[in-house]
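> I would like the atomic coordinates for the input below:
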Amino acid sequence: MSGRFEYLSFRDCDLDDPFFDSLKNDYPEFERWFSHKQSNNDFAYVYREYGTIFAFQYLKNECEEIELQNSSIPNENRVKIGTLKIEEDAKGRRLGEGLLAIALWTWQQAQVNQIYLTVFEHHEMLINVLKKFGFEDVGINLRGEHVFLKDKNRLSHDDPYKMFPYISNGFEHAKYLPIQEDYHDTLFPYSELSRTSQNVLNLSVANGMTKVFIGFPRDPESLDYKRNQPIAIYRITKAQTRKTFLSVVSSFGVVVDYRVVINKRKNIMTEEEYLSFVGNKSYFNREELIRFYRSGRNVIVIKMLYNGYFGAGNNVNHRWLQEKGYFVGHPYETLLEPEAFSEILREGGKNEQDIILD
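Sure, this is the predicted structure:
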């Protein structure tokens with residue numbers, strides 16, 4: 001499966017695969033634990049390419065005391081990331097963000113306050129991702145692992161990553177992000193449509209939750225995208241008929257950063273600054289990005305987080321948006337009041353109180 005994680009039975013994973021060797025070294029009981037999961041037919045999230053495992057994550061609900069070396073955290077209902085491993089050779093595929101997003105979406109759906117995992121300090125890359133997404137090091141357990149915990153009641157509302165997958169309340173307006181269907185389906189691979197063929201390319205951008213959108217607007221300075229601003233991701237169909245039913249809001253996210261790269265042939269960012277900012281978070285390769293920069297057109301970049309999706313059968317079409325008065329003029333220029341954004345979430349089958357937090 002390209003650009004997606006599979007939910008596989010432990011029975012479909014070979015314990016003798018070299019991927020699991022480091023886990024066996026870190027945890028002497030790992031083989032016995034894994035065999036027990038196979039016997040129970042438990043499931044985990046697995047990323048494979050051509051049969052080779054590159055990432056593995058097991059999640060569970062628990063209600064246990066977390067024992068630390070000098071204290072303990074009282075028992076309460078939590079989601080625990082029981083096992084999380086990414087192959088060293090997977091660097092650049094952005095699998096860490098992808099796995100963590102799945103865990104955080106699971107936590108959100110469980111409607112509990114806390115999610116946590118334990119990790120040895122030599123896993124520096126993983127620890128950096130955890131901190132970026134708002135996990136706090138709350139102590140060291142009896143095995144010598146650091147306990148990283150994220151609590152819904154202690155989220156940093158001024159940082160979209162630390163809020164993820166939630167959206168901070170208090171925004172003045174939300175906006176649309178219009179995107180052609182071919183680019184949409186790779187950038188947002190979980191945003192499925194019913195009775196519609198979708199082509200998801202196997203690009204690293206599909207795995208991570210940070211996305212970079214490249215646009216060519218007439219007036220970049222008038223767009224007014226702001227950090228922490230919610231966005232409704234609007235998929236524009238290529239179909240020649242029934243466009244008003246086939247163009248849909250499929251997903252939602254939050255702006256991390258907005259940059260004008262070129263405006264009226266004036267370079268606001270250098271070519272290298274622009275390429276570094278986009279990185280591997282865009283649909284386009286380096287050569288295409290350079291061609292855009294040198295094209296003489298206006299260029300903007302929007303860095304965003306992919307906070308959630310509605311799913312097949314729940315997407316909100318243009319006809320409904322227009323009838324509600326939520327789609328007037330070009331989508332770049334449309335401002336959505338907070339209640340309008342909440343109503344779009346509800347129309348997509350979401351409870352906004354599970355997404356937007358005070």
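> let me know the outermost residue of the chain.
residue 70 (34.9 Å; C-alpha atoms, centre = their mean).
> tell me the phi and psi of it?
Dihedral pair for residue 70: phi -120, psi 0, per degrees, to the nearest 10.
> tell me, how many residues neighbour the nearest residue to it once chain neighbours are set aside?
Excluding its sequence neighbours, the residue lying closest to residue 70 (C-beta to C-beta, 6 or more residues apart in numbering) is residue 139, at 7.0 Å. For glycine as for every other residue, the C-beta is placed from the backbone atoms N, C-alpha and C. Here the number of neighbours of residue 139 (other C-beta atoms under 10 Å) works out to 18.
> thought residue 139 was touching residue 67?
No. If you go by C-beta atoms under 8 Å, residue 139 and residue 67 don't touch, sitting 9.4 Å apart.
> list the contacts of the helix ranked longest in the chain.
Longest helix in the chain, counting residues (DSSP state H): helix 95-110. Outside helix 95-110, the residues that touch it by C-beta atoms under 8 Å, 6 or more residues apart in numbering are 5, 45, 47, 54-55, 57, 59, 61, 77, 79, 81, 84, 86, 115, 125-126, 129-130, 133, 150, 164-166, 207-210, 306, 308, 354-355.
> for the one residue sitting closest to the centre of the chain, what are its contacts?
Nearest to the mean C-alpha position of the chain, by C-alpha atoms, centre = their mean, lies residue 209 at 2.8 Å. Contact analysis of residue 209 by C-beta under 8 Å, 6+ apart lists 97, 98, 100, 101, 164, 305, 306, 307.
> just these now: which is nearest residue 25?
Of all the contacts of residue 209, residue 25 sits closest to residue 100, with 23.2 Å by C-beta to C-beta.
> run a quick neighbour tally on that closest one.
25.
> now swap in residue 268 and tell me
15.
> wait, it touches residue 274, no?
No. Using C-beta under 8 Å as the test, residue 268 is too far from residue 274 to be in contact (9.1 Å).
> surely residue 256 and residue 161 touch.
Yes. With contact defined as C-beta under 8 Å, residue 256 and residue 161 form a contacting pair (7.5 Å).
> what residues are shared contacts of the two?
By the contact definition C-beta under 8 Å, 6+ apart, residue 256 and residue 161 are jointly contacted by residue 305.
> now the helices for the stretch 1-150 of the chain?
Assigned by DSSP state H, counting those that start in this stretch, the helices in the stretch 1-150 of the chain fall at 21-26, 30-40, 95-110, 124-132.
> closest one to residue 324 among those?
Nearest of those (C-beta to C-beta): helix 95-110, 26.1 Å.
> and that closest one, what's buried?
95-108 (16 or more other C-beta atoms under 10 Å).
> how about TSV for those, with pLDDT and distance to residue 239 added?
Shown next, in TSV, are these (pLDDT from 0 to 100; distance: C-beta to C-beta, whole Å):
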residue	pLDDT	distance to residue 239
95	89	33
96	87	36
97	90	32
98	89	30
99	92	34
100	93	35
101	93	30
102	93	31
103	96	36
104	97	34
105	96	30
106	96	34
107	98	37
108	97	33
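> where's the nearest residue to residue 84 once chain neighbours are set aside relative to residue 17, distance?
For residue 84, ignoring the flanking residues on the chain, the nearest one in space by C-beta to C-beta, 6+ apart is residue 57 at 4.8 Å. Residue 57 sits 15 Å away from residue 17, going by C-beta to C-beta, to the nearest Å.
> more crowded one of the two?
Between residue 57 and residue 17, counting by other C-beta under 10 Å, residue 57 is the more crowded of the two (23 against 12).
> bridging residues for that one?
Going by DSSP bridges, residue 57 is paired in beta bridges with residue 45, residue 84.
> low-confidence bits of this protein, can you list those?
Applying pLDDT under 70 to the chain picks out residues 1-4, 90, 194-206.
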